[in-house]
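*Asks:* no sequence on this one, just coordinates:
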């Protein structure tokens with residue numbers, strides 16, 4: 001009897017302890033600790049993190065190693081073909097589920113002359129004036145009052161050091177509350193995401209067991225423009241194709257040979273125009289094969305609170321391409337884009353010449369239903385149907401004399417898309433977890449427009465993956481004056497707390 005009473009008492013103690021933890025007012029705690037959190041963020045952003053600068057990249061590694069070890073994580077620095085991969089692990093139960101979190105530690109290169117501050121790696125705090133211009137304010141102001149619409153400007157302030165700080169802050173809160181994780185956690189910090197994750201991807205087979213997990217959560221990319229909690233279930237892939245068309249063997253004087261030597265620019269313009277109709281739809285045969293948007297998918301797309309009129313206004317376009325009925329639907333189809341065109345003359349100024357060659361650089365954005373190599377083969381076949389002989393090298397003199405239409409093509413099948421079912425176990429779990437924490441359903445993005453370079457890892461590890469983006473959409477990602485909205489930092493910490501506290 002005594003033992004039964006003791007057992008009941010322990011169960012009640014456990015229940016009330018966990019109830020108290022569940023009722024923790026995270027908003028209050030985040031607000032109290034936000035000044036010190038911003039100082040940590042400032043400290044981390046102050047360390048330059050361009051992947052080509054190995055010395056400073058390792059300083060970043062030292063900083064995060066110290067931070068995760070304080071939280072009782074086992075840290076491993078895994079060797080790769082280039083820079084190492086940072087892996088932090090905490091095992092709560094060998095038989096429990098495991099979530100692998102992916103973030104990256106590197107940032108884009110900078111051109112300081114383009115930034116509105118002295119040094120992109122000396123983060124500054126700014127607020128908007130009455131005219132909407134961002135003005136620097138003193139960091140000391142965070143000690144008395146913090147406006148959620150203030151922003152921190154600096155390289156990697158948003159992409160991707162803000163999510164790292166959000167995760168660390170959430171883990172620290174849980175440690176302070178003596179709240180244990182309900183599942184095992186692995187955290188990868190990629191040191192070369194901005195250069196296509198070469199190091200990490202080179203280790204997939206070698207460290208497959210180290211990376212093994214039941215689910216993957218990618219903490220990268222921007223949330224919906226409304227800044228409401230967002231879950232993204234996939235991203236588009238990308239394949240590339242370069243097409244060269246030839247004129248005379250050498251550039252020719254347009255006076256001497258105009259009307260005689262064909263200008264390849266006009267040939268290229270006709271070829272590219274044959275690939276799309278006037279409404280923007282790709283007319284390459286079977287380009288959209290396999291894409292069906294059923295009623296459930298349409299319902300999912302319609303719940304995204306996009307303001308399509310504002311999107312058009314912001315882009316300065318009167319009419320969007322007629323591929324989908326709205327922005328979200330357009331993202332569900334593969335796209336064909338001309339990203340750059342160049343002729344043989346690349347010097348300063350203009351010359352009255354007929355170019356010898358023109359090259360168009362195309363990219364094909366892929367969706368889950370399409371394969372990069374297959375889509376590029378459709379492009380190649382289309383070019384052949386326009387009467388071109390297609391080569392994978394420069395033409396010989398004999399071929400130039402024999403064929404009127406010659407095209408050289410180089411292709412890269414690139415990275416395929418991924419998409420996780422929103423009704424998968426982890427999809428439903430994350431949706432409910434965020435909904436319970438914030439009192440409303442998160443915005444669910446079926447497929448985002450950009451490409452995550454680690455998609456091959458999702459495929460090799462054979463793991464359901466969901467992107468949890470937390471930074472503001474207008475963060476100037478990859479551009480000068482990158483920034484993070486402070487309100488997004490607070491909300492991101494709360495999202496991390498919810499995710500880390502969920503039961504699997």
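*Replies:* Arrived safely. What you see is a predicted model; the values in this text were computed from it and never measured.
*Asks:* contacts and neighbour counts: CA atoms only from here.
*Replies:* Will do.
*Asks:* which non-adjacent residue is nearest residue 81?
*Replies:* Nearest in space to residue 81, with sequence neighbours left out and distances taken as CA to CA, 6 or more residues apart in numbering, is residue 199 at 5.6 Å.
*Asks:* Residue ranges of each domain in the protein, please.
*Replies:* Using automatic domain parsing, the domain ranges for the chain come out as 2-235+417-501, 237-291+333-415.
*Asks:* Pick the most deeply packed of those.
*Replies:* Ranked by mean neighbour count, those are led by domain 2-235+417-501 with a mean of 18 (mean count of other CA atoms under 10 Å).
*Asks:* Could I get the domains of the chain in TSV, plus columns for distance to residue 301 and mean pLDDT?
*Replies:* Putting the domains of the chain into TSV (distance: least, CA to CA, whole Å; pLDDT from 0 to 100) gives the following:
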stretch	distance to residue 301	mean pLDDT
domain 2-235+417-501	7	93
domain 237-291+333-415	13	96
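*Asks:* Grab the nearest non-local neighbour of the residue nearest the centre of the chain.
*Replies:* Residue closest to the mean C-alpha point of the chain, counted by CA atoms, centre = their mean, is residue 221 at 4.4 Å. Using CA to CA, 6+ apart and skipping residues adjacent in sequence, the residue nearest residue 221 is residue 469, 5.1 Å away.
*Asks:* pretty sure that neighbour is touching residue 230, no?
*Replies:* Yes: between residue 469 and residue 230 a contact is recorded at 6.4 Å, counting by CA atoms under 8 Å.
*Asks:* Overlap in contacts, these two.
*Replies:* Common contacts of residue 469 and residue 230 (CA atoms under 8 Å, 6 or more residues apart in numbering): residue 223.
*Asks:* Quick check: chain neighbours aside, which residue is closest to residue 208?
*Replies:* Once its chain neighbours are removed from consideration, residue 208 has its nearest residue in residue 461; the separation is 6.9 Å (CA to CA, 6+ apart).
*Asks:* In contact with the one you found, which residues?
*Replies:* Residues in contact with residue 461, defined by CA under 8 Å, 6+ apart, are 204, 208, 211-212.
*Asks:* What separation do you get for the residue nearest to residue 221 and residue 236?
*Replies:* When distance is defined by CA to CA, to the nearest Å, residue 469 is 15 Å away from residue 236.
*Asks:* And residue 287, by the same measure?
*Replies:* Using CA to CA, residue 287 is found at 15 Å from residue 236.
*Asks:* Residue 43 looks like it's in a helix, true?
*Replies:* Yes: according to DSSP: H, G, I helix; E, B strand; the rest coil, residue 43 belongs to a helix.
*Asks:* Tell me how far residue 129 lies from residue 489.
*Replies:* When CA to CA is the yardstick, residue 129 and residue 489 sit 22 Å from each other.
*Asks:* Apologies, that question was intended for residue 433.
*Replies:* If you measure residue 433 against residue 489 using CA to CA, the figure is 19 Å.
*Asks:* Same check on residue 94?
*Replies:* Applying CA to CA to residue 94 and residue 489 gives a distance of 32 Å.
*Asks:* Residue 429 now?
*Replies:* Distance of residue 429 to residue 489, given as CA to CA: 23 Å.
*Asks:* What of residue 104?
*Replies:* On the measure of CA to CA, residue 104 and residue 489 end up 17 Å apart.
*Asks:* What of residue 457?
*Replies:* Using CA to CA, which is the criterion applied here, residue 457 is 28 Å from residue 489.
*Asks:* Next, the contact list for the nearest residue to residue 175 once chain neighbours are set aside, please.
*Replies:* In this structure, residue 175 finds its nearest non-sequential neighbour in residue 71, 7.2 Å apart by CA to CA, 6+ apart. With CA under 8 Å, 6+ apart as the criterion, the residues that contact residue 71 are 171-172, 175.
*Asks:* Now residue 71, what are its backbone angles?
*Replies:* Dihedral angles phi and psi of residue 71 (degrees, to the nearest 10) take the values phi -100, psi 20.
*Asks:* wait, the residue nearest to residue 81 sits on residue 78?
*Replies:* No: checked against CA under 8 Å, the pair residue 199 and residue 78 is beyond contact range at 9.7 Å.
*Asks:* Contacts made by the strand or helix carrying residue 270 with the rest, please.
*Replies:* Using DSSP states H and E, the secondary-structure element containing residue 270 is helix 264-273. Residues from elsewhere that reach helix 264-273, judged by CA under 8 Å, 6+ apart: 245-247, 343, 355-358, 360, 383, 386.
*Asks:* Which members of those residues occur in helices, if any?
*Replies:* Those of those mapping onto helices are residue 383, per DSSP state H.
*Asks:* for the contacts of helix 264-273, which one is nearest residue 158?
*Replies:* Proximity of those to residue 158 was ranked by CA to CA; the top entry is residue 360 with 33.1 Å.
*Asks:* Do I have it right that that closest one meets residue 337?
*Replies:* No: the pair residue 360 / residue 337 is not scored as a contact, 10.1 Å apart, by CA under 8 Å.
*Asks:* show me what contacts the residue nearest to the centre of the chain?
*Replies:* Contacts were defined as CA under 8 Å, 6+ apart; by that measure residue 221 touches 159, 469-471.
*Asks:* Please convert those to CSV, extending it with secondary structure.
*Replies:* Shown next, in CSV, are those (three-state DSSP):
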residue, secondary structure
159, coil
469, coil
470, coil
471, strand
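*Asks:* could I get those as TSV with distance to residue 121?
*Replies:* Shown next, in TSV, are the contacts of residue 221 (distance: CA to CA, whole Å):
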residue	distance to residue 121
159	13
469	23
470	21
471	19
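*Asks:* and of these, the nearest to residue 410?
*Replies:* Within the contacts of residue 221, the smallest distance to residue 410 is 31.7 Å, found for residue 159 (CA to CA).
*Asks:* ok, the closest one to residue 375 distance?
*Replies:* Shown here: residue 159 relative to residue 375, a distance of 31 Å by CA to CA.
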